[in-house]
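Undergrad: Kindly return the folded structure for what I paste below:
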Amino acid sequence: MKKIIVNKKYDKKNLNTFLLANFNGLTLNTIYKALRKKDIRINGVRISENCIINEGDEITIYINDSFLYKTFDLNIVYEDDNILVVNKPAGIEVVSNDNNKTTLTKMILVHYSSTDFPAPCHRLDINTYGLIVFAKNKEALNVLVDKFKNMEIEKHYKCMVYGIPNIKKDTLTAYLFKDRKKSLVYISDNPKTGYQKIVTSYKVLSEDLENNTSILDVTLHTGRTHQIRAHLAHIGLPIIGDRKIWI
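TA: Residues are numbered from 1 along each chain as shown. Coordinates of the predicted model:
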């Protein structure tokens, strides 16, 4: 049994939408079965069909955890007394503010029968896969977080983009502004009020002339929200599969 409170984001939304967003292993088929059996309650009242929910509603669901959460096998690529390096698959968050969500960190804590360590030293987007460094004690965490902050640890990202750059290796500089109210990101070649400087390096690893695509090795010299996606799109090399509009 799980209880979860509806937040503002899902006010006046469908119950199905809310449940699918909060339990990564849940399917519509499982939800409909639970509704038929009246295994879902809203504010203590059993319901039998999808309905509109409101901010502050308490949703109680009687569905086995095996149907609520996806599970992943941990792919540990390196480990010593202080550091753990795990290859994160796409589709799972490193950490989350939502206690109901399965995260890579939660899985690792269960694996080590611990409540505190290993702890992540950085993050990757939910749809990005790659190596995550975990610290196995407080001393290691302080050192690693500091080194990531000061760019003493180099992070490389591999991505496939539409287009083939004429310059095969370059360092780009631009300025980024995120409008949180409109959920839009703006890029400028020149400094502007409210814009933050972004510096991104890339190197072409391979080219596909027939499909007009290329694979890039990207390094960040600054760490801004959506920096890689926005910066590459700005120079006419949008990442394949990226649906966000960059201005």
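
Undergrad: Okay, now the sheet partners of the lengthiest strand in the chain, with direction.
TA: In the chain, taking DSSP state E as the definition, the longest strand is strand 196-208. According to DSSP bridges, strand 196-208 has the following sheet partners: strand 169-179 (antiparallel), strand 213-220 (antiparallel).

Undergrad: how far does stretch 182-198 stretch from start to finish?
TA: 21 Å (C-alpha to C-alpha, to the nearest Å).

Undergrad: Looking only at it, what residues are buried by neighbour count?
TA: Buried residues in stretch 182-198, counted by 16 or more other C-beta atoms under 10 Å: 185-187, 195, 198. Yep, even glycine has a C-beta here, placed from its N, CA and C like the rest.

Undergrad: Distance from the chain centre to that stretch, please.
TA: 22 Å (C-alpha atoms, centre = their mean, to the nearest Å).

Undergrad: now swap in stretch 24-37 and tell me
TA: 25 Å.

Undergrad: do stretch 47-56 as well
TA: 27 Å.

Undergrad: and what of stretch 26-45?
TA: 28 Å.

Undergrad: List of residues touching it?
TA: Residues outside stretch 26-45 that contact it (C-beta atoms under 8 Å, 6 or more residues apart in numbering): 15-16, 19-20, 46-51, 53, 57-63, 67-68.

Undergrad: So among those residues, which ones count as buried?
TA: So, by 16+ other C-beta under 10 Å, the buried ones in those are 15-16, 19, 47, 50, 53, 57, 59-61, 63, 67-68.

Undergrad: export the buried residues of stretch 182-198 to CSV and tack on pLDDT and distance to residue 211?
TA: Putting these into CSV (pLDDT from 0 to 100; distance: C-beta to C-beta, whole Å) gives the following:
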residue, pLDDT, distance to residue 211
185, 88, 27
186, 91, 30
187, 93, 26
195, 95, 34
198, 96, 28
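
Undergrad: will you turn those residues into a markdown table that also has distance to residue 102?
TA: Converted to a markdown table, those look like this (distance: C-beta to C-beta, whole Å):
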| residue | distance to residue 102 |
| --- | --- |
| 185 | 29 |
| 186 | 34 |
| 187 | 34 |
| 195 | 37 |
| 198 | 32 |
